[in-house]
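*Asks:* next comes the sequence, and after it the predicted model I'd like to discuss.
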Amino acid sequence: MDPATPEVPEVAPEDLIVAVERMVRYVRQSAVTGGLSMAASAVLGRLGREGPCRLTDLARAEGATQPNMTQLVTRLERADLVRRTADRSDGRGVLVEVTDTGLEVSRQRRAERAHALGLLIAELSEPEQRAVRVALPALARAIEDRRPDA
């Protein structure tokens, strides 16, 4: 073993998932702008990243039932965070799209989460910080590579 490379302890996958869950929960709970639930925040984020979406597709992508997604979209619509528009490719269809207000709320929430993650990373040693900055993007790439539409 290279003396310049610190020994990395073995960690069970179960312990890793607990660590990931704690980190995600902490970072998600740090976003308070708009007073949104995690589900509402996830929908806004998805619409902001991926653009307008049919309600049925949005429900499927978020792992929700169509009635639950309809209720959530209605609440977001009342808050002027999303709007429903006609689907130009199918006159009968309706798309849900994020509004400028929704984009701003989503941007602020992402900044709050990034700040919280930055504070966590700052508490780590320099080698740990480097490891996180390598591992997290690598995991994101692996997830992206697994997407069926990738």
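*Replies:* Ah, there it is. Residues are numbered from 1 along each chain as shown.
*Asks:* when you work out contacts or count neighbours from here on, use the C-alpha atoms and nothing else.
*Replies:* Noted.
*Asks:* confidence score at R107?
*Replies:* pLDDT, R107: 95.
*Asks:* neighbouring contacts of the host helix or strand of it?
*Replies:* Here R107 sits within helix 100-122, counting by DSSP states H and E. Helix 100-122 is contacted from outside by 26-28, 30-34, 41, 44-45, 48, 80-82, 129, 132, using C-alpha atoms under 8 Å, 6 or more residues apart in numbering.
*Asks:* how distant is whatever helix or strand comes next after that helix from the center of its chain?
*Replies:* Next helix or strand after helix 100-122 toward the C-terminus (DSSP H and E): helix 126-146. Helix 126-146 sits 16 Å away from the centroid of its parent chain (C-alpha atoms, centre = their mean, to the nearest Å).
*Asks:* and helix 126-146 with helix 100-122, angle?
*Replies:* Angle, helix 126-146 to helix 100-122, by axes from the mean of the first three to the mean of the last three C-alpha atoms, to 10 degrees: 140 degrees.
*Asks:* hang on, the earlier thing: could I get the CA-only coordinates of the helix holding R107 as PDB?
*Replies:* The C-alpha coordinates for helix 100-122 follow below in PDB (Å, rounded to 0.1, in the frame of the first residue of the first chain):
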ATOM      1  CA  ASP A 100     -41.400  31.900 -13.200                       C
ATOM      2  CA  THR A 101     -42.400  32.000  -9.500                       C
ATOM      3  CA  GLY A 102     -42.000  28.300  -9.300                       C
ATOM      4  CA  LEU A 103     -38.600  28.400 -11.000                       C
ATOM      5  CA  GLU A 104     -37.500  31.000  -8.500                       C
ATOM      6  CA  VAL A 105     -38.700  29.000  -5.500                       C
ATOM      7  CA  SER A 106     -37.000  25.900  -6.900                       C
ATOM      8  CA  ARG A 107     -33.800  27.800  -7.500                       C
ATOM      9  CA  GLN A 108     -33.800  29.200  -3.900                       C
ATOM     10  CA  ARG A 109     -34.500  25.700  -2.500                       C
ATOM     11  CA  ARG A 110     -31.700  24.200  -4.500                       C
ATOM     12  CA  ALA A 111     -29.300  27.000  -3.200                       C
ATOM     13  CA  GLU A 112     -30.400  26.200   0.400                       C
ATOM     14  CA  ARG A 113     -29.700  22.500  -0.100                       C
ATOM     15  CA  ALA A 114     -26.300  23.300  -1.700                       C
ATOM     16  CA  HIS A 115     -25.400  25.500   1.200                       C
ATOM     17  CA  ALA A 116     -26.300  22.800   3.700                       C
ATOM     18  CA  LEU A 117     -24.300  20.200   1.800                       C
ATOM     19  CA  GLY A 118     -21.400  22.700   1.600                       C
ATOM     20  CA  LEU A 119     -21.500  23.100   5.400                       C
ATOM     21  CA  LEU A 120     -21.400  19.400   5.900                       C
ATOM     22  CA  ILE A 121     -18.500  18.900   3.500                       C
ATOM     23  CA  ALA A 122     -16.500  21.800   5.200                       C
END
